[in-house]
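**Student:** I would like to see how this sequence folds:
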Amino acid sequence: MSKPTWFLLAAQLLLPAMALSGERVDLLITGGTVVTLDGQWNVFENGFVAIRDAKIIAVGDASSREPDDFQAAETLDARNKVVLPGLINTHTHLPMVLFRGLADDLKLNDWLNKHIFPAESRFVTRDFVVAGTRLALAEMIRGGTTTCCDMYYFEDAIAEETSKAGLRAVLGQTVIDFPAPDNKTWSEAIASVESFAEEWKPDELIQPAIAPHAAYTVSTEHLKEAALLAERLNLPILIHLAEVGSETDYTLKHYGQRPVSYLEQIGLLSSRVIGAHAIEVNNQELQILRRHEVGICHCPQSNMKIAAGVAPIPQMLSAGLRVGLGTDGAASNNDLDMWQEIDTAAKLHKLHSGDATVVSARQALQMATLGGARALHLEESIGSLEVGKMADLIVLELDAPHLVPRYDIYSLLVYSAKASDVVDTIVNGRILMRDRQLKTLDIEQVMTDARQIAGRVRITLESAAP
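**Tutor:** As a prediction, the model looks like this:
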């Protein structure tokens, strides 16, 4: 081989390697204000996030790195935008979006026993759950939610749709002491939990769980059985906890104890438990919850709408409890918009306490991110933008009148930002929405399917009306 030929061949082999001399990454986000929500409250005005193999491998100030430090398969320009951890919805009933607006302005017991339980018995099928879950997932992705914690029926169908859409989730198969849409007996429900856990535990996005509905719908014997099963299968336990005064009245009447004390006494409380609402708790019970490291899901808008009460969130935060935010189901909220929950959480407790300094903007945003991760006991892997954590993050557009001017980024995000400001949603390093366009769901088909089911529900109810 002649020298010129050898030289040209060597150059052809070396030039690609030289061009790709930087560290290879799957996705590089540059130019935006990166709000990390880490323990130091780091904010990088001209920041970057580098992602490889579904994890964050670098995050920081773009001025601290050279342009060729990374060779990215895909780049996302976040100039004039904010990059922050994805929101974590710690309490949902996803398919209940199909009951949105079905029964409003009612007391909890009337709403639940006279409307929702009968409607679920009549209309909830696997097809209903699939269509409702897809609609809920679309709403959450568009609003910047990247992780949810759900409890409902046919949870295996919810898991399948959630995994396909690309969200991260803790999903609890509901067990309850009366015939449910999916399982008519307690033994059937327990068997379904076991098969659900076996199928989904290996999944990288889905954490299966068992979900005994509440202390007033599941007997002591069955609650103990659920706790033992969770321990044997290493599952989280999702439960409605101290939700309303009538629940307290029930446990006092039947067991002589308030809900938190009762559940501790029967051995249910542990770090496996993720309790929704926690309104009816006193100072002593806060210490019980803290001692057992129970995750708390605060759902301010749902609690307000059904007049269930106000959870003592300032006291919980001061005591170091694991507190996250949730929407509850869209039948009692009536949406899955975490931005509204963040704004409401900050304002509700100021009004309720008469102290404008409680639940600051930083605390409210943290409850929806790292706080939510702590409530789900997932803080080692999600909830903040830090090296080694999973690449679950969102990008918000700042070019809107309601986001101008900007003085404090936390204030802007909590009190001014809307779900519609989210332009990009990324979970596990995968882009689920880019420039407001969903990548994993056909939004038109999703809404068409939802409308068809809602139409059947409406016709059935109207034909049954006196």
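**Student:** residues in contact with residue 296?
**Tutor:** 241, 275, 278, 289, 311, 316, 321, 322, 323, 324, 375 (CB atoms under 8 Å, 6 or more residues apart in numbering). C-betas here are computed from N, CA, C, even on glycine.
**Student:** Which one of those is nearest to residue 100?
**Tutor:** Taking CB to CB as the measure, residue 324 is the one of the contacts of residue 296 closest to residue 100, at 22.7 Å.
**Student:** Can you give me the buried ones in the lengthiest strand in the chain?
**Tutor:** The single longest strand within the chain, with elements called by DSSP state E, is strand 23-35. Of the residues in strand 23-35, those buried by neighbour count under the rule 16 or more other CB atoms under 10 Å are 25, 26, 27, 28, 29, 30, 31, 32, 33, 34, 35.
**Student:** Just the CA coordinates for that strand, please, in PDB.
**Tutor:** Output of strand 23-35 as PDB, limited to C-alpha atoms (Å, rounded to 0.1, in the frame of the first residue of the first chain):
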ATOM      1  CA  GLU A  23     -18.300  12.000  26.300                       C
ATOM      2  CA  ARG A  24     -21.200  10.300  24.400                       C
ATOM      3  CA  VAL A  25     -24.700  10.900  25.800                       C
ATOM      4  CA  ASP A  26     -28.200  10.000  24.600                       C
ATOM      5  CA  LEU A  27     -29.700  13.400  25.300                       C
ATOM      6  CA  LEU A  28     -28.200  16.800  26.200                       C
ATOM      7  CA  ILE A  29     -30.400  19.700  27.400                       C
ATOM      8  CA  THR A  30     -28.700  23.000  27.200                       C
ATOM      9  CA  GLY A  31     -29.300  26.700  27.700                       C
ATOM     10  CA  GLY A  32     -32.200  26.800  30.200                       C
ATOM     11  CA  THR A  33     -32.500  27.700  33.800                       C
ATOM     12  CA  VAL A  34     -31.900  24.400  35.600                       C
ATOM     13  CA  VAL A  35     -33.800  24.200  38.900                       C
END
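**Student:** Which strands border it, and is each parallel or antiparallel?
**Tutor:** Partner strands for strand 23-35, per DSSP bridges, with pairing direction: strand 43-52 (antiparallel), strand 70-77 (parallel), strand 81-85 (parallel).
**Student:** Can you tell me how far the residue nearest to residue 450 when sequence neighbours are not counted is from residue 443?
**Tutor:** Leaving aside its sequence neighbours, residue 450 sits nearest to residue 135 (CB to CB, 6 or more residues apart in numbering; 4.5 Å). Distance from residue 135 to residue 443, counting by CB to CB, to the nearest Å: 9 Å.
**Student:** between those two, which one's more packed in?
**Tutor:** Ranked by neighbour count (other CB atoms under 10 Å), residue 135 and residue 443 place residue 135 first, with 26 against 15.
**Student:** show me where pLDDT drops low in the stretch 101-250 of the chain?
**Tutor:** Along the stretch 101-250 of the chain, no part satisfies pLDDT under 70.
**Student:** Strands along that one, start to end?
**Tutor:** Assigned by DSSP state E, counting those that start in this stretch, the strands in the stretch 101-250 of the chain fall at 145-152, 168-175, 206-212, 237-241.
**Student:** Tabulate the ones you listed in TSV, adding columns for distance to residue 41 and mean neighbour count.
**Tutor:** Putting the strands of the stretch 101-250 of the chain into TSV (distance: least, CB to CB, whole Å; neighbours: other CB atoms under 10 Å) gives the following:
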stretch	distance to residue 41	mean neighbour count
strand 145-152	20	28
strand 168-175	24	27
strand 206-212	28	27
strand 237-241	30	27
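**Student:** Which one of those strands lies nearest to residue 110?
**Tutor:** strand 237-241 (16.7 Å).
**Student:** and the closest one, what does it pack onto?
**Tutor:** strand 168-175, strand 206-212, helix 220-233, helix 259-265, strand 273-277 (3 or more CB pairs under 8 Å, 6 or more residues apart in numbering; DSSP states H and E).
**Student:** Any chance of these in CSV with distance to residue 333 as columns?
**Tutor:** Shown next, in CSV, are the helices and strands packed on strand 237-241 (distance: least, CB to CB, whole Å):
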stretch, distance to residue 333
strand 168-175, 18
strand 206-212, 19
helix 220-233, 26
helix 259-265, 22
strand 273-277, 13
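**Student:** Which one, of those, ends up nearest to residue 457?
**Tutor:** That would be strand 168-175 among these, by CB to CB, at 20.3 Å.
**Student:** list the helices and strands that closest one packs on?
**Tutor:** Using 3+ CB pairs under 8 Å, 6+ apart: strand 168-175 touches strand 145-152, helix 155-165, helix 186-200, strand 206-212, strand 237-241.
**Student:** Can I get that strand in PDB, CA atoms only?
**Tutor:** Provided in PDB are the C-alpha atoms of strand 168-175 (Å, rounded to 0.1, in the frame of the first residue of the first chain):
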ATOM      1  CA  ARG A 168     -43.100   5.800  36.100                       C
ATOM      2  CA  ALA A 169     -45.600   4.600  38.700                       C
ATOM      3  CA  VAL A 170     -46.300   2.900  42.000                       C
ATOM      4  CA  LEU A 171     -49.500   1.000  41.200                       C
ATOM      5  CA  GLY A 172     -51.700  -0.600  43.900                       C
ATOM      6  CA  GLN A 173     -54.200  -3.300  43.200                       C
ATOM      7  CA  THR A 174     -57.200  -2.400  45.400                       C
ATOM      8  CA  VAL A 175     -58.500  -4.900  47.900                       C
END
